[in-house]
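Asks: next input, structure requested:
(chains A and B)
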Amino acid sequence: MNKKSIFFKDSAFKYLVGGSSLIVVAFFVMIFVMLAVRSYPSIANDPLMIFGSTWDVNSGIYGGIPAILGTLASSAIAVALAVPISLGMSVFFTEYAPRRVRAALSIVIDMLATIPSVIFGIWGLWIVAPLVKTYVQDPIVGSIGFIPLFSGPAYGLSLFLASLVLTFMIVPIISSLTISLLSTTPVELREAMISLGATRWEVVRHVALPFSKLGIFASIILALGRALGETMAVTMVIGNSFVWPFSSISLFSPASTITSKIASELYEAVDVLHVSSLVELGLILLVITLLVNSSARLVITRISRRNASG
Amino acid sequence: MIVSRRTKEKLIIAALVALTGAAVAPLFWIIGSIVWNGISVMSLEFLTSLPAPFGSSGGGIGNAILGTLIINLFASGLGIPLGILTGIYLAEYAHDSRMGSTVRTIVESLSGVPSLVIGLFAFTLIVLSFRHYTGVAATLALGIMMIPLVAKATEESMRVVSDDLREAGMALGIPKYNITTRIVLSMAKGGVISGSLLAFARISGETAPLLFTALFSFYWPTGIDQPMATLQVLIYNYAISGFADWVAKAWGASLLLVLLVITINVAVRYLGRKKYEGA
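Replies: Prediction:
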């Protein structure tokens, strides 16, 4: 084999891998370009219409604020519920659980992260919704239903149910990251606390959690990003109605999210303005999730720098 | 009331166990409901035949199973090679160049883009342009979703290959592409295969990108350019339909889908070498 052909193959391979990476970059850029191009009819028609409060296909009015608020509210509630559950499980996992329980738990966390969204959806729709209506919503509406946040009627399918199902879906994200962070607590710090007579909880509370708080924060933001973009489960259990939040702010009323709006309407949308408004909602979702995810990544980069220098 | 530190410790353990229970209970509950509701519709007819005309009993989901497999195979044909090549670039060629860090940031950002948005991209690019729902658009969307997963697995498993081997190769005068493919990549093979299988499992459950690309069909797939039934969309359509027979079939399809996804994951993570820790 002569030298020239080796040189040729070497640079050909370099261009092959570099070129493939550029294709991936191009895909990413094209996502923005295509969504922007296809939402142009809606933006050109009225740039502010998407920030209106009414979505009425028959009159051609497409205001997306209830869906945007629904996305933010359901994700925020889900994160608020998932944080204590995930942190509790992570602390139990790293500090208290015997080795066998740990092995079983890590399989369970992996499997939970693996279950497809549409499966959470069918479970939420046919199993959880009736139970939540009978045993959670009806009693609450009956006792403190005069508070607007908990007013009836209880349908089962609601913002509350969507948040609940989302909670279970993001617990594995926060837990798996938090567990790996908590297990890197320096042994010296841990032993110093124990030698001072601290209980296990005091070690966790005063050493392990403060030591990894930045990383835990990043994992929560990542989970938020995942919850914002979650589609199938939310679409199947939220009820897809524009009642919330302007006609009723109750957590128990059916609501909608950006994703549920797109998933349930796009395939039957014929009007150009309708299609482009849905695409514009998707563009808004893309921008929100990228902002959320990149802020989480900033925090993670800072931690790995700190670890590298420390 | 002042609680002693020991009592407090006990209360906290009880609370932690309760929280752990709340986190793991849904898994058993979900799997329990799927097996309970799904096992009764399982039969050879269910797995191999077309949906029966509406109103008549029997029929199956054969076309949806075939549709999911076809779309997954084509998506893998797009996503796995691009993912592996991008991973090789990131591990061996990117170094600290500006292009390298751009590619890395974008691959990471791509993995955070909601699957619905990637489906929306395929819809705007292909379905709106050709005015036709098609399996091609679904393939593109799922293929793009695989890229960051495969690239990350490839990069990580190539990085753990010791530099000694690369240097030994260079000392022998082996050209870089040969070092990369014959030495580093062959050491990292296990991780690349695991990563690709996990990516395959991941897209098998993705539904949102298929809703307005492959759409659905009650017939056998005739071509990748036609609308196609998939297991995922079938579960969604049948589950929200409210007809008892369809809902039962949705449970059966869920059982199949979960079996597929979990089998791949278990095979990769627990039967294979535990060496590579995918996210």
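
Asks: and A:Ile179, what helix or strand is that in?
Replies: helix A:159-182 (DSSP states H and E).

Asks: what does B:Arg166 give?
Replies: In the assignment (DSSP H and E), B:Arg166 maps to helix B:163-171.

Asks: now the residue nearest the centre of chain B: closest residue in space that isn't a chain neighbour?
Replies: To find the centre residue of chain B, average its C-alpha atoms and take the closest one (CA atoms, centre = their mean): that gives B:Arg202, at 1.2 Å. Closest residue in space to B:Arg202, ignoring its immediate chain neighbours: B:Leu149 at 6.3 Å, by CB to CB, 6 or more residues apart in numbering or on different chains. (Glycine included, C-beta is placed from N, CA and C.)

Asks: I'd say the one you found and B:Leu197 touch.
Replies: No: counting by CB atoms under 8 Å, no contact exists between B:Leu149 and B:Leu197, whose distance comes to 10.3 Å.

Asks: which one's more surrounded, the two?
Replies: Set side by side, B:Leu149 and B:Leu197 show unequal neighbour counts under other CB atoms under 10 Å in any protein chain shown, the larger going to B:Leu149 at 25 against 21.

Asks: give me the buried positions along the helix or strand where the more buried one lies.
Replies: Counting by DSSP H and E, the secondary-structure element that holds B:Leu149 is helix B:135-159. Of the residues in helix B:135-159, B:135-158 count as buried by neighbour count, 16 or more other CB atoms under 10 Å in any protein chain shown.

Asks: check the chain for its longest helix and report it.
Replies: Using chain A. Longest helix in chain A, counting residues (DSSP state H): helix A:3-45.

Asks: chain B is the one I meant
Replies: The helix spanning the most residues in chain B, taking DSSP H as the definition, is helix B:5-38.

Asks: which residues are in contact with stretch B:147-164?
Replies: Outside of stretch B:147-164, the residues within contact range by CB atoms under 8 Å, 6 or more residues apart in numbering or on different chains are A:24, A:27, B:79-80, B:82-84, B:86-88, B:90-92, B:107-108, B:110-111, B:183-185, B:187-188, B:190-192, B:194-196, B:198-199, B:202, B:276, B:278-279.

Asks: again, only using 6 Å
Replies: The contact list for stretch B:147-164, computed with CB atoms under 6 Å, 6 or more residues apart in numbering or on different chains, reads A:24, B:79-80, B:82-84, B:86-87, B:90-91, B:107, B:110-111, B:184, B:187-188, B:191-192, B:195-196, B:199, B:276, B:278.

Asks: counting neighbours, what do you get for the nearest residue to A:Leu286 once chain neighbours are set aside?
Replies: With sequence-adjacent residues excluded and distances taken as CB to CB, 6+ apart, A:Leu286 is closest to B:Val117, at 4.8 Å. The burial count assigned to B:Val117 is 25, neighbours taken as other CB under 10 Å.

Asks: how about the helices in the stretch 151-300 of chain A?
Replies: Remark: helices assigned in the stretch 151-300 of chain A by DSSP state H, counting those that start in this stretch are A:159-182, A:187-195, A:200-203, A:209-229, A:232-237, A:258-265, A:272-309.

Asks: what comes up buried for the second one?
Replies: Going back to what we said before, that points to helix A:187-195. Of the residues in helix A:187-195, those scored as buried under the neighbour-count criterion (16+ other CB under 10 Å) are A:190, A:193.

Asks: quick one: whichever helix or strand the residue nearest to the centre of chain B is part of to chain centroid distance?
Replies: In this structure, B:Arg202 is located in helix B:185-204 according to DSSP H and E. Taking CA atoms, centre = their mean, to the nearest Å, one finds the center of helix B:185-204 at 11 Å from the center of the full chain.

Asks: now the residue positioned nearest the centre of chain A. Nearest residue, chain neighbours left out?
Replies: In chain A, the C-alpha closest to the average C-alpha coordinate belongs to A:Ala227, at a distance of 1.6 Å (CA atoms, centre = their mean). Nearest residue to A:Ala227, sequence neighbours excluded (CB to CB, 6+ apart): A:Ser75, at 3.9 Å.

Asks: helix, strand or coil for the one you found?
Replies: Of the three states, A:Ser75 takes helix under DSSP: H, G, I helix; E, B strand; the rest coil.

Asks: picking up where we left off before, for the helix holding B:Leu149, give the mean pLDDT please.
Replies: Taken as a whole, helix B:135-159 has a mean pLDDT of 96.

Asks: just want the angle from it to helix B:185-204.
Replies: 140 degrees (axes from the mean of the first three to the mean of the last three CA atoms, to 10 degrees).

Asks: now the angle from helix B:135-159 to helix A:3-45?
Replies: Computed by the same axes, to 10 degrees, the angle between helix B:135-159 and helix A:3-45 is 130 degrees.

Asks: and stretch A:220-239, end to end?
Replies: 26 Å (CA to CA, to the nearest Å).

Asks: to clarify, my last question referred to stretch B:200-216.
Replies: Across its full length, stretch B:200-216 reaches 21 Å between end residues, using CA to CA.

Asks: identify the residues contacting it?
Replies: So stretch B:200-216 is in contact with A:116, A:118, A:231-232, A:263, A:266-267, B:72, B:75-76, B:115-116, B:118-119, B:122-123, B:133, B:135, B:137-138, B:141-142, B:145-146, B:227-230, B:232-233, B:236-237, B:260-261, B:264-265, going by CB under 6 Å, 6+ apart.
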